[in-house]
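Peer 1: need the 3D shape of this:
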Amino acid sequence: MAPIIQSLLDTDLYKFTMLQVVLHKFPQTHSVYHFRCRNLEDTVYPLTDILADLNEQLDHLCQLKFKEDELLYLRSLRFIKSDFVDYLELFQLKRRFIKAGIDSEGRLDIWVEGPMVQAMMFEIFVLAIVNELYFRRIRTDDVLAEGERRLLAKIALLKKYEAEQNPNDPPFLVSDFGTRRRYSFEWQKHVIEEFNQASPYIFRGTSNVLIAKDLNITPIGTMAHEFLQAFQALDFQKAALETWVQEYRGDLGIALTDVVGMDAFLCDFDLYFAKLFDGLRHDSGNPYEWGDKAYAHYKKLKIDSKTKMLTFSDGLNLEKAWDLHNYFKDRFQVSFGIGTNLTNDMGQTPLNIVLKLVECNGQSVAKISDSPGKTMTDNDTFLAYLRQVFAIQEEQA
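Peer 2: Sure, this is the predicted structure:
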């Protein structure tokens with residue numbers, strides 16, 4: 001079987017930005033990641049059926065190294081430091097750190113355990129591989145035709161919104177965040193090419209570094225949940241934000257807010273951080289309520305919210321993004337990262353899969369989402385402790 005992942009650049013930008021911080025600040029950090037499918041009841045066939053192919057693909061993945069032109073591209077990004085690229089020149093994923101099998105309940109089970117400078121890079125590759133293996137088995141010409149029909153409808157909508165855009169308003173900005181849930185690499189690249197050609201004023205880039213390089217468009221991304229989660233074993237949100245600021249010193253200034261919920265985040269996001277960071281990213285909970293809380297927080301701190309960016313990335317489509325844009329455009333700059341609805345809208349039920357950090361330096365870590373069903377941990381006792389510390393109600397899980 002041909003390798004699904006053919007380049008180590010075929011991942012999200014924030015994997016590189018987070019890895020650079022970990023390498024510079026905490027290179028000895030040990031981590032454990034665990035796979036979960038949140039919608040097993042919706043699968044056409046058991047994910048365990050792809051296990052043999054998955055292991056073969058992981059063997060291929062762990063043979064890859066960065067190519068010279070890929071390293072040169074990373075060096076061209078202002079926020080990527082030369083010593084980090086020197087590290088990547090030697091980088092190769094180690095097969096011994098990842099295991100794929102079947103758990104006691106008969107479900108596909110994937111564990112990654114090892115140094116965080118290795119383990120964290122598996123996530124996007126593994127999720128993209130699982131998706132593509134799963135959908136290959138149920139691919140038909142009709143499915144591809146339906147995907148194309150839906151893509152053309154999105155492009156028409158994009159052009160409609162561009163025509164309706166008031167030139168005095170902040171721009172309506174959309175990016176692709178769909179690598180982890182994509183139908184296939186070829187389909188993701190096709191969608192991005194079509195969007196970029198149809199409306200470069202609205203479509204501003206992709207989180208996928210390889211596609212950004214190949215198409216000469218902007219790679220998009222800052223931090224993910226795992227970065228702040230890791231600090232639950234180190235110090236936590238203020239320490240995580242401070243470390244990010246010290247590493248990037250003005251670049252990559254969008255902070256993620258929902259590792260233990262927006263309310264707890266704002267308690268730590270004081271005047272210092274509110275001035276230093278360019279804005280905030282929403283990834284769970286009611287986006288309108290979240291944005292209103294952000295506005296009230298900036299107003300309390302006497303910061304002009306029009307100088308700040310709200311980035312939304314939770315279960316979006318173009319219609320939801322346009323509504324949010326119109327709701328917030330008079331108070332904020334606004335941008336949108338759309339994932340599954342761009343790269344896996346084929347008329348088939350997408351997989352809702354994650355590979356999340358569950359342990360760091362021997363201590364449990366957790367994500368307590370603002371949306372039901374997105375909380376992730378393997379230690380309910382630690383989860384209860386976090387809820388108590390941050391005064392988070394049980395219903396948020």
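
Peer 1: any weak-confidence spans in the stretch 251-397 of the chain?
Peer 2: Applying pLDDT under 70 to the stretch 251-397 of the chain picks out residues 367-397.

Peer 1: what segments of it are helices?
Peer 2: 262-268, 271-276, 287-300, 318-328, 340-343, 380-389 (DSSP state H, counting those that start in this stretch).

Peer 1: next, count neighbours for residue 46.
Peer 2: 13 (other Cβ atoms under 10 Å). C-beta here means a position set from N, CA and C on the backbone, and glycine is covered the same way.

Peer 1: contacts only, for it.
Peer 2: By Cβ atoms under 8 Å, 6 or more residues apart in numbering, residue 46 lies in contact with 106, 108.

Peer 1: repeat for the one 3 residues further on
Peer 2: Listed by Cβ under 8 Å, 6+ apart, the contact set of residue 49 reads residue 137.

Peer 1: wasn't it part of a strand?
Peer 2: No - going by DSSP: H, G, I helix; E, B strand; the rest coil, the assignment for residue 49 is helix, not a strand.

Peer 1: state the distance from it to residue 107.
Peer 2: Using Cβ to Cβ, to the nearest Å, we find residue 49 at a distance of 12 Å from residue 107.

Peer 1: now do residue 304
Peer 2: Look at residue 304 and residue 107: by Cβ to Cβ, they are 49 Å apart.

Peer 1: who has more neighbours, the two?
Peer 2: Per other Cβ under 10 Å, whichever of residue 304 and residue 107 has more neighbours is residue 107, with 14 against 9.

Peer 1: wait, isn't the more buried one in contact with residue 41?
Peer 2: No - applying Cβ atoms under 8 Å, one finds residue 107 not in contact with residue 41, separated by 11.7 Å.

Peer 1: secondary structure class for the nearest residue to residue 318 once chain neighbours are set aside?
Peer 2: What sits nearest to residue 318 in space, not counting adjacent residues and going by Cβ to Cβ, 6 or more residues apart in numbering, is residue 157, at 5.1 Å. Under three-state DSSP, the three-state class of residue 157 is helix.

Peer 1: and the strands in this structure?
Peer 2: When assigned using DSSP state E, the strands of the chain occupy the ranges 30-37, 98-102, 108-115, 173-176, 203-206, 254-256, 279-282, 309-312, 333-338, 353-360, 363-364.

Peer 1: quick one: the spatially closest residue to residue 9 that is not a sequence neighbour from residue 33, how far?
Peer 2: The shortest distance from residue 9 to any non-neighbouring residue, by Cβ to Cβ, 6+ apart, is to residue 210 (3.8 Å). The gap separating residue 210 from residue 33 is 22 Å, by Cβ to Cβ.

Peer 1: ok, now which ones touch the residue positioned nearest the centre of the chain?
Peer 2: Closest to where the C-alpha atoms of the chain average out (Cα atoms, centre = their mean) is residue 224, at 5.9 Å. Contacts here follow Cβ under 8 Å, 6+ apart; on that basis residue 224 touches 12, 14, 18, 256.

Peer 1: mind putting the residues you listed in a markdown table, neighbour count and distance to residue 89 included?
Peer 2: Converted to a markdown table, the contacts of residue 224 look like this (neighbours: other Cβ atoms under 10 Å; distance: Cβ to Cβ, whole Å):
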| residue | neighbour count | distance to residue 89 |
| --- | --- | --- |
| 12 | 23 | 20 |
| 14 | 22 | 21 |
| 18 | 24 | 19 |
| 256 | 23 | 29 |
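
Peer 1: so which of those sit within helices?
Peer 2: 14, 18 (DSSP state H).
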